[in-house]
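> Sequence and predicted structure are below.
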Amino acid sequence: MTIRISGFSTGLDIDQIVKELMAARRQPLNKLNQQKTLLEWKREQYREVSSKIVDFRNNKLFNYSMSSSIAAKKTEITGDNSAVSVKVTSAKAGDELTIEVVNLATAGKVVSQKAFDTTKKLIDLINDPNLSFDITDDGDGKLTFDINGKTVELDVNNDTIATMIQKINDADAGVTAYLDSTTGLFSIRAKTTGAASTISITDTDNLLANFDLQNTAGQDATVIINGIQTTRSSNTFTENGLEITLRASSTAESTIRVVTDTDKIVDMVKTFISDYNSILDLVNKKLYEERYRDYPPLTSEQKEEMTEKEIELWEAKAKSGLLRHDSILSTMMSEFRLALFADVEINGEKVNLSQYGIGTGDYTQRGKLVILDEDKLRTAIEADPDKFMALFTQNSADPDPQVAQAATAADSGLFKRLYYSAGRALDQLAEKAGVSRFSADPNAAFSEDSYMAEELRSLNNRIRQLNARLIMIENNYYKQFTAMETAVNRFNAQYAALFGSGK
């Protein structure tokens, strides 16, 4: 450890002198720290952008590509519109079907006709002389019965009718038991409907016989579909790409027609445009942000002399423009524009967004999408909804992945083109900055296997080495001044001895 002696003998402010001498020596270290800070800021901005791209690519584009969004269909029911409800699964716009409900499918059920106190223990019911509650008792206090092959076991000393109902529900017998607390009656209902939904009971100890159970078998639904009478075991079934749910017996025939849900599709297009423009805004801001090279990152000494507000304003300028004209983001934006406005070949026809009244705003909006003519969009969707879906979601038939995944792949839909272009950008950002290709978390950890991570490691090593060297230089300065102080002190002592301290 170096012993530091301040200027008692010389009267010099050695600490201040060393500080000023070291200030010049620290300039290379300050520059390295500023380079490190800029690199870290730049990497954080890459992560901010990449998290938005991941969300746009892996979440939003995926959801848009689902046929339920881009080719939304709905049904129109005429006639008796209360007898059925319908969802479109795979039916096409223009498909029709007629249906008349003769009767609904019902579930098999067992209903008690005799009630007892549901809160009393079974043993109390058995021993009550005023009740006719008899069982076949083998003396072990256990009672069992089977429902659809599942055994329910009761303890006469602990169980009640209420706990019996709970144990039936826990037995996984394909039934639901219900106890009415007001009347004391209970029912057991099959979870499925139809003629096959009978409830089989084996009353081993004759417990259930006390309740005078009435067992009713289930029945199939009877319907007339397109003039043909038929049966279904469930009130919900799929027919010709329609999921049909029977609600009540018909008073008249219902006609179901599948139509394009233009409102839903237009809403999806508007949402897509908003999400796309949001990405465009963020990336364009980074690409065209002003770079203030006269505002380097502040050193710790500089921050000590500034207010928090001054530091905030300075660093806002220092961080500005770090991704200006970035090649990865510029390439992605160029590919996005090409992907959206190049023709898509659909069954030999060239189709593009302009045919649907979609284009870009003026030059100040830097490529933002806008709906220029909503009436044109709606009319074109209704005229051929399948073509509209293909424009966005069609997969390229080219076997070469490089061709199929290109930004202008001739037969690839717009969502597919954007998906692959965003993927290429994410791969490059991951390689350069170590950002995640898959996480939309803006705080996701950086990979240490990237160019910027390697650059940061190199800077940290240089900073450590330079710090160690500066400590040595500073210690040497203090050694020199300590030697000077020691020499002056010795001279003063000798002078005092020869001439006296008062002279």
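Looks like it came in fine.
> what about Thr183, distance to Leu287?
Plainly put, Thr183 is 74 Å away from Leu287 if you go by Cβ to Cβ, to the nearest Å. Quick note: C-beta positions are derived from backbone N, CA and C, even for glycine.
> Comparing the two, which residue is more hemmed in?
For the pair Thr183 and Leu287, the greater number of neighbours falls to Leu287 (16 against 10), based on other Cβ atoms under 10 Å.
> Which pLDDT value goes with that one?
At Leu287, the predicted lDDT confidence score is 95.
> isn't Glu382 right up against Thr260?
Yes. Proximity of Glu382 to Thr260 meets the contact threshold set by Cβ atoms under 8 Å, at 5.6 Å.
> which one of these two has more residues nearby?
Each of Glu382 and Thr260 had its neighbours counted (other Cβ under 10 Å), and the higher figure belongs to Thr260 (22 against 14).
> Glu76 is in contact with the more buried one, correct?
No. Look at Thr260 against Glu76 with Cβ under 8 Å: they stay out of range, at 11.0 Å.
> mind listing what the spatially most central residue of the chain touches?
Averaging the C-alpha coordinates of the chain gives a centre point, and the residue nearest to it by Cα atoms, centre = their mean is Asn59 (6.7 Å). By Cβ atoms under 8 Å, 6 or more residues apart in numbering, the residues touching Asn59 are Ala440.
> cool, the one 3 residues further on as well?
Not one residue lies near Phe62 by Cβ under 8 Å, 6+ apart.
> Enumerate the positions of the helix or strand Glu76 falls within that are buried.
Using DSSP states H and E, Glu76 sits within strand 73-79. Neighbour counts using 16 or more other Cβ atoms under 10 Å place Lys73, Lys74, Thr75, Ile77, Gly79 of strand 73-79 among the buried residues.
> Bridge partners for the third one, pull those for me.
The reference is to Thr75. For Thr75, the residues forming beta bridges with it (DSSP bridges) are Val258.
> For Leu242, see how far away it is.
As it turns out, when the distance is counted by Cβ to Cβ, Thr75 lies 7 Å from Leu242.
> overlap in contacts of the two?
Taking Cβ under 8 Å, 6+ apart as the contact criterion, the residues that touch both Thr75 and Leu242 are Val86, Lys87, Val88, Ile256, Val258.
> Output those residues as CSV; include the columns pLDDT and neighbour count.
Rendered in CSV, the data for the shared contacts of Thr75 and Leu242 read as follows (pLDDT from 0 to 100; neighbours: other Cβ atoms under 10 Å):
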residue, pLDDT, neighbour count
Val86, 96, 22
Lys87, 93, 14
Val88, 91, 22
Ile256, 97, 23
Val258, 94, 21
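> Show me those that map onto helices.
Residues of these located in helices (DSSP state H): none.
> low-scoring stretches of this structure, by residue?
Across the chain, the ranges flagged by pLDDT under 70 are 1-13, 18, 22, 67-68, 500-503.
> just to revisit the earlier point, what is the strand holding Glu76 packed up against?
strand 84-88, strand 254-260 (3 or more Cβ pairs under 8 Å, 6 or more residues apart in numbering; DSSP states H and E).
> Recalculate using a threshold of 10 Å.
With contacts defined as 3 or more Cβ pairs under 10 Å, 6 or more residues apart in numbering; DSSP states H and E, the secondary structure elements packing on strand 73-79 are strand 84-88, strand 96-103, strand 242-246, strand 254-260, helix 262-288.
> Nearest to Thr202 among those would be which one?
Ranking those by proximity to Thr202 (Cβ to Cβ) places strand 96-103 first, at 30.6 Å.
> From the contact counts, what lies against that closest one?
Contacts defined by 3+ Cβ pairs under 10 Å, 6+ apart place strand 96-103 against strand 73-79, strand 84-88, strand 221-225, strand 228-232, strand 242-246, strand 254-260.
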